[in-house]
Structures are given as C-alpha cells and as structure tokens.
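J.: coords please:
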Amino acid sequence: MDFSDPITAALIGASATVLTALVQLRYSWRRELKDRERGQPITKKTRRGPFMAVFVLMIAAAAGGFFLSQYVISLRYEDRDTLRAELQTQLAMISDSATRLEEARLSEREEVEASVLRVEAMRRGEEGAAASVVVGPCKLDGVAAPGQKSACGEQSAARVAVCARVPAAATVKEVQLYTRFEDSQQPWADSRVPAGQDAGQAKFVEKHFERPDGEAAKQVCQGFVNWSSEKARLARILVRYSL
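T.: Residues are numbered from 1 along each chain as shown. I've put the predicted structure just below:
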C-alpha cells in the first residue's frame with residue numbers, strides 16, 4: 001500500500017514514540033522488581049509514578065515526533081519548491097538562449113543569402129543581359145519597273161526594337177551592339193558596330209531607351225533598322241549594368 005509523504009512521516013514518528021515508551025516501560029518494571037527484591041514497599045503512588053511518566057513521555061514523544069515529521073516535511077517541500085523554481089529559471093534561460101541563437105542563426109543565414117544574391121546579381125550585371133532579333137529584308141509596297149529591283153531606303157524600312165530585360169534597380173553602364181547577316185558564321189566579337197553607323201544597309205539608332213517590365217524588372221531597348229531588300233539580318237545587344 002502506498003502512503004503519502006505526511007502519512008509516512010507520521011507513521012515513522014508514531015513508531016519511534018511507541019518504541020521509546022516500551023523501552024521506558026520495561027525499564028520501570030525492572031526497577032519495580034528490584035525494589036520488591038530488596039523488600040521495599042510498593043505504594044499506589046510509586047506504582048502510578050512509572051506509568052504516569054511513561055504516559056507523559058509517550059505524549060511528549062508523539063507530539064515531538066509529529067512536529068519533527070512536519071518540520072522535515074516542510075523542509076522537503078521548501079527544498080522541492082526551491083528546486084522547482086531554480087529548474088524553471090534554468091529552463092527559461094535555456095529557452096531564451098535557444099530563441100536568441102535561432103534568431104541570430106536566421107539573421108546570419110539571411111545575410112549570407114542576401115550577400116550571395118548580391119554577388120550573383122553583380123556578376124550577371126558584369127556579364128550583361130543579351131537579346132537578339134531577326135529582321136527580314138525590306139519590302140516596299142507597289143510594283144517595280146521591269147528589270148529593276150524594289151529600292152528600299154532607311155526612311156521607308158520598318159524599325160524594330162531589340163530589348164534586354166534587367167532588374168528594375170539596375171543602372172545601365174554600357175549597351176554593346178552587334179549585327180550580321182542571318183546566315184553568317186561570323187563571330188559576334190567581330191560583328192560589333194557603333195550606334196548610328198551604317199553596317200551595310202542596316203544600323204542601330206543613336207540612343208537606347210528604357211521601359212518598365214513589371215515591378216521587379218525593366219527593359220533596355222535599342223532601335224534597329226534594315227533596309228536591305230535581299231537578306232535578313234540578325235541584330236543583338238548586350239546590356240552591362242550595376243546594382
């Protein structure tokens with residue numbers, strides 16, 4: 001059978017009291033027997049004396065045992081409450097430290113990710129954003145004279161825009177311009193031309209322009225015109241930018 005701590009302590013105190021009383025009673029009986037052997041008279045007062053002493057001792061021992069058990073229990077409860085308070089304080093400190101550590105880890109991770117993204121964006125800006133478009137031969141409305149080809153001019157040819165997409169916060173550093181015939185195998189490095197210069201019945205306009213492309217990006221565009229009536233041209237731009 002399981003008992004609570006107060007009952008267990010009370011039982012211990014009561015057992016100690018009974019044991020003490022029995023020892024005292026045995027001692028009194030032995031003393032009375034010795035007195036009888038010596039022939040001393042045994043009076044009622046003398047006979048009651050040990051019993052009264054034992055009775056008083058039992059009560060005192062019971063009270064002392066009870067109060068002692070309560071004192072021990074109160075100490076245990078105080079120690080338990082103190083230990084619980086200290087444990088709760090330690091747990092709160094550990095939880096607070098873990099929270100700060102997690103916040104610091106997340107903040108550091110965000111900084112690292114932002115740094116990586118920034119470096120990647122800078123690298124892309126240095127490499128540049130490219131775009132290209134095929135512009136077909138110039139075609140005029142109307143019929144040419146017999147034995148003559150239709151003559152196209154710069155003013156009559158259609159103008160197209162070659163646009164590269166860059167971040168909205170980008171600052172354009174340079175727009176490189178390239179053009180070659182559609183079927184040409186010439187490297188792009190050898191096909192670079194300046195803006196406004198005739199590249200063989202084709203050219204890029206003088207200045208580039210920008211236009212929005214959503215909230216996070218914009219387009220950098222360069223006008224191009226091809227007035228050749230024989231071959232299609234491939235126009236390409238490379239936009240270098242910084243953030």
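
J.: tell me how the protein divides into domains.
T.: Per automatic domain parsing, the domain ranges recorded for the chain read 5-102, 128-242.

J.: now the shortest one: average pLDDT?
T.: Think domain 5-102. Here domain 5-102 scores 68 as its mean pLDDT.

J.: cool, the longest one as well?
T.: In this model, domain 128-242 has a mean pLDDT of 86.

J.: in this structure, which spans are helices?
T.: Secondary structure of the chain by DSSP state H: the helices cover 5-37, 44-127.

J.: ok, the residue lying closest to Val193 once chain neighbours are set aside - how many residues close by?
T.: Among residues not flanking Val193 along the chain, Ala199 sits closest, at 4.6 Å (Cβ to Cβ, 6 or more residues apart in numbering). Yep, even glycine has a C-beta here, placed from its N, CA and C like the rest. Counted by other Cβ atoms under 10 Å, the residues lying close to Ala199 total 19.

J.: I'd like the distance between Ala199 and Leu177.
T.: Separation of Ala199 from Leu177 (Cβ to Cβ, to the nearest Å) stands at 9 Å.

J.: common neighbours of those two, please.
T.: Shared contacts of Ala199 and Leu177 (Cβ atoms under 8 Å, 6 or more residues apart in numbering): Val193.

J.: pretty sure Glu182 contacts Ala235?
T.: No - counting by Cβ atoms under 8 Å, Glu182 stays clear of Ala235, with 10.1 Å between them.

J.: now do the shared contacts for the two.
T.: Common neighbours of Glu182 and Ala235, counting by Cβ under 8 Å, 6+ apart, are Val134.

J.: between these two, tell me which one has more neighbours.
T.: Ala235 (27 against 12).

J.: who's in contact with the more buried one?
T.: Ala235 touches 132-135, 160, 162, 177-179, 202, 204, 224, 226, counting by Cβ under 8 Å, 6+ apart.

J.: understood, closing this out.
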